[in-house]
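Undergrad: Sequence below, structure please.
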Amino acid sequence: MEHPSPSPDLPLQSRIVDDKSPICIPFILSHVEAYERAAHPHPHPHPQTTTTTTPTKPFIIGLNGVQGVGKTTLVRALAEALQGREGLATLVVSIDDFYLTHADQLALAAAHPDNALVQYRGEPGTHDIPLATSVLHALANAQPTSIPSYDKSAFSGLGDRLPPSSWTPVNQPGQPRIQVVILEGWCVGFRALPPAQVEAKWRAPSRTLHSHTLEHLLLVNGALRAYDALTDLFDAFVHVDAADTAFVYAWRRQQEEQLRRDRGDGMTDEQVVKFVDAYYPAYELYSDGVRAGIFPDRPGCQLRLVVGEDRSVQEKVVI
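TA: Numbering: from 1, shown residues only. Model (predicted):
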């Protein structure tokens with residue numbers, strides 16, 4: 001699924017004009033401020049009054065950015081605004097750090113040898129959702145935990161989780177309590193579809209779905225249901241979408257061209273197509289659901305930014 005290559009976002013950061021942060025940051029800050037007001041309706045109790053308060057659940061943000069859109073720049077700017085300008089202890093967590101261990105990924109691939117979607121890390125189903133759920137719930141309850149780290153270069157690019165000794169401890173004694181969590185990733189916020197909808201999309205014209213059997217797509221779809229345990233924790237959601245999701249092919253090709261210029265190592269154009277094709281079925285299945293809104297009962301909590309092929313924002317939608 002993932003091709004063994006350096007981090008995809010970093011080489012192009014200087015070439016991506018960030019017109020997303022000026023839209024995203026005020027949206028998030030307004031929701032954080034409303035959340036804080038609701039959590040602390042009486043911030044200045046009478047000085048003679050002794051109150052006992054329990055730690056407030058941190059404000060949890062889901063951030064989905066299609067690959068190559070400049071998500072790293074946006075996440076960095078948002079975290080700096082929350083941490084630096086607002087003084088809120090902010091933690092950025094990537095869904096990538098919850099990939100299965102190398103051994104578990106090999107076991108998954110061996111259990112479904114004909115299913116190309118789960119032979120390598122990438123698609124829903126290749127993450128350790130029990131671990132992710134445990135960590136996110138600990139954060140939601142202001143409890144001590146540690147954020148895992150994943151080494152994508154291990155095993156010649158197949159990747160592996162680093163040992164717990166290298167994980168990042170948070171909410172530990174003596175540390176500030178995490179007040180804002182940003183969970184980011186290309187598939188963050190995707191929700192499983194009813195099997196009949198998966199079949200309908202599979203039977204309709206598509207770019208990549210026909211490359212896989214319906215059974216194989218349903219396996220990924222079934223695995224995605226467990227991701228709701230993460231999505232349901234979000235207080236706000238940001239979706240950096242593309243006017244045409246197929247832009248990701250050109251964006252990835254540009255990234256690899258930059259890598260070849262800078263480091264002498266990068267995927268060929270043919271390898272880029274194969275790489276993106278491995279992810280694209282999930283875009284075709286689940287993007288419409290994210291665009292419609294992942295919080296059907298909480299209008300106004302999702303921001304959708306639609307970008308053109310030059311990655312500039314063409315449309316802003318609050319859902």
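
Undergrad: which regions of the stretch 51-200 of the chain sit below the pLDDT cut-off?
TA: 51-55 (pLDDT under 70).

Undergrad: Stretch 239-252: end-to-end distance?
TA: In stretch 239-252, first residue to last residue: 19 Å (C-alpha to C-alpha, to the nearest Å).

Undergrad: How about stretch 169-184?
TA: 19 Å.

Undergrad: I figured Gln254 hits Gly68, correct?
TA: Yes: assessed by C-beta atoms under 8 Å, Gln254 is found in contact with Gly68 at 7.5 Å. C-beta here means a position set from N, CA and C on the backbone, and glycine is covered the same way.

Undergrad: quick one: which of those two has more around it?
TA: Each of Gln254 and Gly68 has its neighbours counted (other C-beta atoms under 10 Å); Gly68 has more, 23 against 15.

Undergrad: Look at Gln314 and give its secondary structure.
TA: When classified by DSSP: H, G, I helix; E, B strand; the rest coil, Gln314 comes out as strand.

Undergrad: backbone phi and psi for the nearest residue to Leu219 once chain neighbours are set aside, please?
TA: In space, Leu219 comes closest to Asn115 once its chain neighbours are excluded; the distance is 6.1 Å by C-beta to C-beta, 6 or more residues apart in numbering. Note on Asn115: backbone dihedrals following degrees, to the nearest 10 are phi -100, psi 100.

Undergrad: Just list the residues touching Asn115, thanks.
TA: By C-beta atoms under 8 Å, 6 or more residues apart in numbering, the contact list for Asn115 reads 212, 216, 219.

Undergrad: Also Tyr283?
TA: Neighbours of Tyr283 in contact, by C-beta under 8 Å, 6+ apart: 66, 245, 248.

Undergrad: Throw those into TSV and include distance to Phe59, thanks.
TA: Output for the contacts of Tyr283, formatted as TSV (distance: C-beta to C-beta, whole Å):
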residue	distance to Phe59
Val66	24
Thr245	29
Val248	29
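
Undergrad: So which of these are in helices?
TA: Residues of those located in helices (DSSP state H): Val248.

Undergrad: Looking at the contacts of Tyr283, spot the one nearest Pro58.
TA: Val66 (26.1 Å; C-beta to C-beta).

Undergrad: Verify the stated contact: that closest one with Thr245.
TA: Yes: assessed by C-beta under 8 Å, Val66 is found in contact with Thr245 at 6.4 Å.

Undergrad: Those two: which has the busier surroundings?
TA: Neighbour count, other C-beta under 10 Å: between Val66 and Thr245, Val66 has more, with 21 against 16.

Undergrad: Torsion angles phi and psi at the nearest residue to that one once chain neighbours are set aside?
TA: Excluding the flanking residues, the one nearest Val66 by C-beta to C-beta, 6+ apart is Ala242, at 5.1 Å. For Ala242, the backbone dihedrals (degrees, to the nearest 10) come out as phi -120, psi 140.
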